[in-house]
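>>> Kindly return the folded structure for what I paste below:
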Amino acid sequence: MSLAETRRTVDAVWKLESARIIAGLTRVVRDVGLAEELAQDALVAALEQWPVEGVPDNPGAWLTAIAKRRAVDHVRRAQRLERRHEQLAHELEHPSEAEPDDVLRLMFLSCHPVLPADSRAALTLRLLGGLTAGEIARAFLVPEPTVTRRIADAKRTLAAERVPFELPAGAALADRLTSVLEVVYLIFNEGYSATSGDDLIRADLCLEALRLGRLLAELAPHEPEAHGLVALMEIQASRSAARTGPSGEPVPLHEQNRGRWDQLLIRRGFTAMLRARALGGPPGPYVLQAAIAVCHAQSRSPADTDWAQIAALYEALSRLLPTPIVQLNRAVAVGMARGPEAGLALVDSLTSEPALRDYHLLPGVRGDLLERLGRYGEARREFERAAALTRNAAERAFLLRRAAATGPTPVASDTETEAGNAHAGAGPAAADSAGAGSSHGDVVGTNAPGGDPVPGATLATAARDFLARDDLDPATLRSYAQTLRRLRLALGDSVPLADLTAADVARACATAWGSAAAKTWNRHRSTVRSFGAWAGTDALADDLERRAENRPPTPPADPDRLATLWTRPGVALRERTLWLLLHESAAPVTAVLALDVTDLDLDDRRARVAGRWITWRSGTARLLPELLAGRTRGPLFLADRRPGPARTPSEADVCPETGRTRLSYPRAEFLFKRATRGLDPTGAGYTLRQLRPGA
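The predicted model follows:
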């Protein structure tokens, strides 16, 4: 057998057997990271031996046996308990299948709530799906190192938190099962309605989620929600072939060729739904969502859809999960069952919901309802705003076409009502094609030669010309751009500047920064005031009240605790010097980070920056010459690496001798907080300000 053929065989066997092998090893060694390493060692052995000796009759058993031998070697080297050693040796001499619950235990472990959602998804696909980091990265359109880091961090977290390899019992089972279902559906949603990239659907993720869901339902046959999730995914997946056109463009539900819906998947979904109902008990979130999917699948045509029943199901779902996405889904169903006015009233109640601030389906649904009401100008702006929010190219193109086609002759509703993942906030919620918008009419300026805004200016053109002024320094320009970008996303690029009201702006600002610190709120308020004054619409900020910025004093860190930092082994020279300098000089952090090598007077132990003197004592004096390492110019404290090609720092912030940039405040703060978590009684870590003796 050639090496290429062997690789293909090994890959196929690994995807089929990896979950069982890793689960069996985890039960024994009680460390999922170690278990995967041992299984990978067996995989390497297969690549070395199978081309010569041939593929064994039972390749899964062969890999399991090799992995267990590796486990025995590891235990011997680590001199673990003799009893554990004997247990492994006995299993090697008397091969047995993994316990039936091992794979289920592994699924609960990889989906543990102690892990972030993206780490849970990556680890589950790695351990249960047998996918490589590269395959997971391509599926989620993220860099491979990001996936590798997520998986490694997840393993470390599970080990550090001593998460047991066991099935939860009692009330804990329901909570943990919710986390598992959440991860599986999150994977399915990312495949069914991709949040980014060029394609609307990523079939590989859908198939993997279906496989994991079916496996979960098989391993936990008495859990109605597991069967409900399978039913939901089967029925949603049945529409995949009809959801996109020849060029990959989205096809609305009412325009889909229902003859292309996969009847086998629909029947499997119906069967799973019957199993869920047979188990009894009040329906949970996934059973209710599956019931909605069943209503769609049973309709012979869009006109036959029982929207009243769907609206009632969403009402029940919203009582269980009163999340913004569920409410948006409910608004779509109500709009179809009771008319667009009723649906629009519900959608408008969600426009100030922070969780939906960047959710492209909110303006997409609103645009659809406005169009059905004949409010075409508003609808067009909503479709454009929706397109600006989506990161999926196919959806963006569709929404821009919707915006361009919006006119006196209304089109039929394109909303495909499907409950999104109410737990994770992702998925094919509300609509397959009710989505998001970008500025595509931003072609003329707003300023006349004299600098005054001309009549008919839109928010986009006015914002662009406001930022194009030559009297703004880089920091102010960045701040202004951040505020105006958020307003454009919230209000729409094509909204006429003359139509903007103070109430509109206040609502957008409250949604974006309502919970922000007073200083942040006031900064954005100041931008709105400046923009309004420049554009001749001074009233834009009338409803934005200035907030008091009474910052409580920052207590200094405990001196006795800080003393351990100066002698702690393993602290980098840069950090040790920065911390000592801040402590000895009591100078502001920004002033110290702004120091250049040429500012230093090493003999007199002082430096002059921004018109003030900074002085230090013997501790800093001993470290500075070593930190400089012969450098004669450039920033004193340098970042770890050179800037990437996308960044163009100012010349003053780059060391001409090393090419590295000035250490940033956020990075310095992060490193100090991480280093002092063990010293801070709260466990959060100290801030650099607390190094000042009188802070």
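>>> what does stretch 680-695 rub up against?
Identification of contacts with stretch 680-695 by C-beta atoms under 8 Å, 6 or more residues apart in numbering yields 553-557, 559, 561-562, 579, 582-583, 586-587, 589, 665, 668-669, 672-677, 679. (Glycine included, C-beta is placed from N, CA and C.)
>>> Let me see the mean pLDDT of that stretch.
Here stretch 680-695 scores 81 as its mean pLDDT.
>>> circling back: buried subset of the contacts of stretch 680-695 as a PyMOL selection?
Buried subset of the contacts of stretch 680-695, written as a PyMOL selection, criterion 16 or more other C-beta atoms under 10 Å:
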select buried, resi 556+557+562+579+582+583+587+589+668+669+672+675+676+679
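>>> Which of the contacts of stretch 680-695 fall in helices?
559, 561-562, 579, 582-583, 589, 665, 668-669, 672-675 (DSSP state H).
>>> Could you dump the residues you listed into TSV and include pLDDT and distance to T26?
Converted to TSV, the ones in helices among the contacts of stretch 680-695 look like this (pLDDT from 0 to 100; distance: C-beta to C-beta, whole Å):
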residue	pLDDT	distance to T26
P559	80	46
R561	79	39
L562	79	42
W579	92	41
L582	92	46
H583	90	46
V589	91	46
Y665	90	43
A668	91	40
E669	91	38
F672	91	37
K673	89	33
R674	87	30
A675	88	33
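>>> can those residues go into TSV with extra columns for distance to R366?
Formatted as TSV, these follow (distance: C-beta to C-beta, whole Å):
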residue	distance to R366
P559	57
R561	54
L562	54
W579	52
L582	51
H583	55
V589	45
Y665	40
A668	44
E669	40
F672	45
K673	41
R674	43
A675	48
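>>> Which one of the residues you listed is nearest to E48?
Lowest distance from E48 to the ones in helices among the contacts of stretch 680-695 (C-beta to C-beta) belongs to R674, with 41.2 Å.
>>> Next, the contact list for A39, please.
By C-beta under 8 Å, 6+ apart, the contact list for A39 reads 18, 21-22, 25, 63, 67.
>>> at 7 Å instead, please
Counting by C-beta atoms under 7 Å, 6 or more residues apart in numbering, A39 makes contact with 18, 21-22, 25, 67.
>>> Flag every buried residue along the host helix or strand of R401.
According to DSSP states H and E, R401 maps onto helix 393-405. Residues 394-400, 402-403 are the ones in helix 393-405 that count as buried (16+ other C-beta under 10 Å).
>>> now do stretch 172-191
Buried residues in stretch 172-191, counted by 16+ other C-beta under 10 Å: 176-191.
>>> can you give me phi and psi for D601?
With angles defined as degrees, to the nearest 10, D601 sits at phi -120, psi 90.
>>> check contacts around the residue lying closest to it once chain neighbours are set aside.
Leaving aside its sequence neighbours, D601 sits nearest to A607 (C-beta to C-beta, 6 or more residues apart in numbering; 6.4 Å). Neighbour list for A607: 595, 599-601, 614 [criterion: C-beta under 7 Å, 6+ apart].
>>> do you know how far A607 is from W616?
In this view, A607 and W616 are 8 Å apart by C-beta to C-beta, to the nearest Å.
>>> How about A481?
From A481 across to W616, the span is 38 Å (C-beta to C-beta).
>>> ok, now C655?
Taking C-beta to C-beta as the measure, C655 falls 21 Å from W616.
>>> same check, this time on V334
Distance from V334 to W616, by C-beta to C-beta: 67 Å.
>>> and A591, how many neighbours?
15 (other C-beta atoms under 10 Å).
>>> In this structure it contacts V609, no?
Yes. Contact criterion C-beta atoms under 7 Å: A591 and V609 qualify, at 5.6 Å.
>>> mind checking pLDDT for the spatially most central residue of the chain?
Nearest residue to the geometric centre of the chain (C-alpha atoms, centre = their mean): D118, 6.6 Å. pLDDT for D118: 84.
>>> that older thread, can you dump the C-alpha atoms of the helix or strand following the helix holding R401 in PDB for me?
Sequence-wise, the next helix or strand downstream of helix 393-405 (DSSP H and E) is helix 459-467. What follows is helix 459-467, C-alpha atoms only, in PDB (Å, rounded to 0.1, in the frame of the first residue of the first chain):
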ATOM      1  CA  LEU A 459     -25.300  60.600   6.900                       C
ATOM      2  CA  ALA A 460     -22.600  58.700   5.000                       C
ATOM      3  CA  THR A 461     -21.500  61.600   2.800                       C
ATOM      4  CA  ALA A 462     -21.600  64.100   5.700                       C
ATOM      5  CA  ALA A 463     -19.500  61.800   7.900                       C
ATOM      6  CA  ARG A 464     -17.000  61.200   5.200                       C
ATOM      7  CA  ASP A 465     -16.500  64.900   4.500                       C
ATOM      8  CA  PHE A 466     -16.400  65.700   8.200                       C
ATOM      9  CA  LEU A 467     -13.500  63.200   8.700                       C
END
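>>> could you say what helices and strands whichever helix or strand comes after helix 459-467 packs with?
Sequence-wise, the next helix or strand downstream of helix 459-467 (DSSP H and E) is helix 474-491. If you count contacts as 3 or more C-beta pairs under 7 Å, 6 or more residues apart in numbering; DSSP states H and E, helix 474-491 packs onto helix 376-389, helix 459-467, helix 502-513, helix 518-535.
>>> neighbouring contacts of helix 474-491?
385, 388-389, 459-460, 463, 467, 472, 500, 504-505, 508, 511-512, 523-524, 527-528, 531.
>>> Now a ChimeraX select for only the buried ones of these.
To isolate the buried members of these in ChimeraX, using 16+ other C-beta under 10 Å:
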select :385,388,389,459,460,463,467,472,500,504,505,508,511,512,523,524,527,528,531
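>>> The nearest residue to R677 once chain neighbours are set aside: neighbour count?
Spatial nearest neighbour of R677, chain neighbours left out: G685 (4.3 Å); criterion: C-beta to C-beta, 6+ apart. Residues lying near G685 (other C-beta under 10 Å) number 18.
>>> and if you look at R605?
Using other C-beta under 10 Å, R605 is surrounded by 17 other residues.
>>> cool, V230 as well?
V230: 29 surrounding residues under other C-beta under 10 Å.
>>> Settle this for me: it is touching A217, isn't it.
Yes. Look at V230 against A217 with C-beta under 7 Å: they come within range, at 4.9 Å.
>>> Mind listing the shared neighbours of the two?
In contact with both V230 and A217: A272, using C-beta under 7 Å, 6+ apart.
>>> coming back round to it: C655 and W616 - which one has more neighbours?
When C655 and W616 are compared for neighbours, W616 comes out ahead with 24 against 19, by other C-beta under 10 Å.
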